[in-house]
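Asker: Have a look; sequence and predicted model below, questions after that.
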Amino acid sequence: MKATAIIVAGGSGKRFGSKTPKQFLSLCGKPVFLWSAETFASSKVFKRIIIVVPENKITALKKKYKDYFFVSGGKERFDSVRNGLACVEKDTNYVAVHDAARPLINKADILAVLKKAKKTKAAIAVEKTKDTIKTVKSGFVDKTLDRSVLYNVQTPQIFQAALLKKVYSKKIAPNTTDDSMLVEKSGVKVAVVQTKFPNFKITAKHDFEAAEKILTR
Ligand SMILES: Nc1ccn([C@@H]2O[C@H](COP(=O)(O)OP(=O)(O)OP(=O)(O)O)[C@@H](O)[C@H]2O)c(=O)n1
Ligand SMILES: C[C@](O)(CO)[C@H](O)COP(=O)(O)O
């Protein structure tokens, strides 16, 4: 069984608001992206780790990190995933797509999602929603959703390689925010695996501080 991880680190981090994109900031002494790349590598299952980064970072990163394959990102997250997919070798069985902005991912959670994906062709990391979720129209509550069926979707999202390549070979709608959406649209059922460890995405500065607290406790 051959598995490859695509770590998407090609964003600009607008919501974070730092000059250096958040995935390249030093988190407890290591760049944010390197935390999950090393966790995938330590699993010993993902033999190839492709890291998708802004074009202007590639030369320096290739020189510094010899164990990873660096490719350039695209305008949207799905463009970056597609660029990473183009480097996935033909004999690969499973591909994991993971946000570099989720540095805390635990090896056990990665392996749990992979185990499920091997059974179902497609599996994603999720966390049960803790908040009450409402839809809003013109600044007022429209509906309160049934929390019992709501989950926060995370990454990794792991798929049979042929399936992911197939869905990414088609035109992608601009509001595509995760890979699972494309697989769902293809009619393949996507299994969910609840993560057991913190795996939140660093989006704003307070997320970075929260990650620091967890890594230094
Ligand atoms: N064109 C893009 C956009 C996002 N990403 C990556 O996808 C992950 C999740 O995206 P997000 O947290 O939204 O990162 P940004 O798009 O950089 O953040 P923002 O929306 O605040 O600009 C991040 O690891 C980001 O680097 C990417 O590889 N290529
Ligand atoms: C893929 C993802 O992390 C699942 O929750 C999320 O959709 C990424 O969204 P972003 O706006 O690209 O951070």
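Answerer: Thanks, I have the structure now. Ligands and ions are numbered 1, 2, ... in the order given.
Asker: list the contacts for the closest residue to ligand 1 within the chain?
Answerer: Residue nearest to ligand 1 within the chain (CB to the nearest ligand atom): Gly11, separated by 2.1 Å. Bear in mind the C-beta positions are built from the backbone N, C-alpha and C, glycine included. By CB atoms under 8 Å, 6 or more residues apart in numbering, the residues touching Gly11 are 21, 23, 73, 77, 80, 101.
Asker: Check those one by one and keep those near ligand 1.
Answerer: 23, 73, 77, 80, 101 (CB under 6 Å from any ligand atom).
Asker: Which of those sits closest to ligand 2?
Answerer: Arg77 (4.5 Å).
Asker: Grab the nearest non-local neighbour of that closest one.
Answerer: In space, and not counting its chain neighbours, Arg77 is closest to Val8: 6.1 Å by CB to CB, 6 or more residues apart in numbering.
Asker: Please apply the same query to Phe33.
Answerer: The nearest residue in space to Phe33 (CB to CB, 6+ apart) is Ala100, at 3.8 Å.
Asker: Please report how far that neighbour lies from Phe140.
Answerer: The gap separating Ala100 from Phe140 is 37 Å, by CB to CB, to the nearest Å.
Asker: So between those two, which is more surrounded?
Answerer: Ala100 (28 against 7; other CB atoms under 10 Å).
Asker: ok, now how distant is the more buried one from ligand 2?
Answerer: Noted for Ala100: a distance of 10 Å to ligand 2, by CB to the nearest ligand atom, to the nearest Å.
Asker: cool, and Ala86?
Answerer: In terms of CB to the nearest ligand atom, Ala86 sits 19 Å off from ligand 2.
Asker: Next: Lys19.
Answerer: Computed as CB to the nearest ligand atom, the Lys19 to ligand 2 distance reads 19 Å.
Asker: out of the ones next to ligand 1 among the contacts of Gly11, who's nearest Lys2?
Answerer: Ser80 (22.0 Å; CB to CB).
Asker: Downstream of the helix ranked longest in the chain, the next helix or strand is which one?
Answerer: Ranked by number of residues, the top helix in the chain under DSSP state H is helix 107-120. Next along the chain after helix 107-120, taking DSSP states H and E as the criterion, comes strand 122-128.
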